[in-house]
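> let me see the structure of the following:
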Amino acid sequence: MPFVKETSDENIKARLLKGAVRTPSGCLERPHAGQQKAHTASRWYTQIRTMKGGVLQTRLAHREAYRLFVGELVEGLVVMHSCDNPRCIEPTHLSLGTQLENISSAASKGRMRKFVTQ
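This is a model prediction of the structure:
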């Protein structure tokens, strides 16, 4: 089996920040690389590939930014954007919360579809 180099945290940090652009609202946006698949998380969220334990992994960039610049990820919690910008990796815009908190935040800001039940 050929030797496969692990992706260091420093390398991931550098790749996260490469090409990132500061927006007027203070977000730090990563540009999408290549064609994005419709109807998947990659349509809105940028991704980064890493090699861990000999396995190539695709991770959401905002989760990696939180892990590397803010603190460890906690199982069962999601990384929320206070800026409501899925492409943002600005550490001060990211926080941990439950999925219910994330949905409640989106609903309170008018970012959820309204469903009519009969």
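> so which residue is dead centre in this structure?
Per C-alpha atoms, centre = their mean, the C-alpha nearest to the average position across the chain is that of H62, at 2.3 Å.
> the strands in the chain, which residues?
Ranges of strands within the chain are 21-22, 28-29, 47-52, 55-60, 78-81, 94-97, based on DSSP state E.
> D9 is nearest to which of those?
strand 47-52 (9.4 Å; C-beta to C-beta). Bear in mind the C-beta positions are built from the backbone N, C-alpha and C, glycine included.
> reformat the strands of the chain as CSV; add mean pLDDT.
As requested, those are exported to CSV (pLDDT from 0 to 100):
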stretch, mean pLDDT
strand 21-22, 95
strand 28-29, 95
strand 47-52, 89
strand 55-60, 91
strand 78-81, 96
strand 94-97, 97
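> out of those, which comes closest to R111?
Short answer: strand 78-81, nearest of the strands of the chain by C-beta to C-beta, at 10.6 Å.
> so where's this structure shaky on pLDDT?
1-4, 32-43, 113-118 (pLDDT under 70).
> tell me which stretches of it form helices.
With helices called from DSSP state H, the chain shows them at 9-17, 61-69, 99-108.
> need the strands of the chain in JSON lines with mean neighbour count, can you?
Below are the strands of the chain laid out as JSON lines (neighbours: other C-beta atoms under 10 Å):
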{"stretch": "strand 21-22", "mean neighbour count": "10"}
{"stretch": "strand 28-29", "mean neighbour count": "20"}
{"stretch": "strand 47-52", "mean neighbour count": "15"}
{"stretch": "strand 55-60", "mean neighbour count": "12"}
{"stretch": "strand 78-81", "mean neighbour count": "20"}
{"stretch": "strand 94-97", "mean neighbour count": "17"}
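> wait, doesn't the residue nearest to the centre of the chain sit right on L94?
Yes: judged on C-beta atoms under 8 Å, H62 makes contact with L94 at a distance of 6.1 Å.
> common neighbours of the two, please.
V79, H81, C88 (C-beta atoms under 8 Å, 6 or more residues apart in numbering).
> could you dump those residues to JSON lines with distance to I48?
Below are the shared contacts of H62 and L94 laid out as JSON lines (distance: C-beta to C-beta, whole Å):
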{"residue": "V79", "distance to I48": "14"}
{"residue": "H81", "distance to I48": "16"}
{"residue": "C88", "distance to I48": "14"}
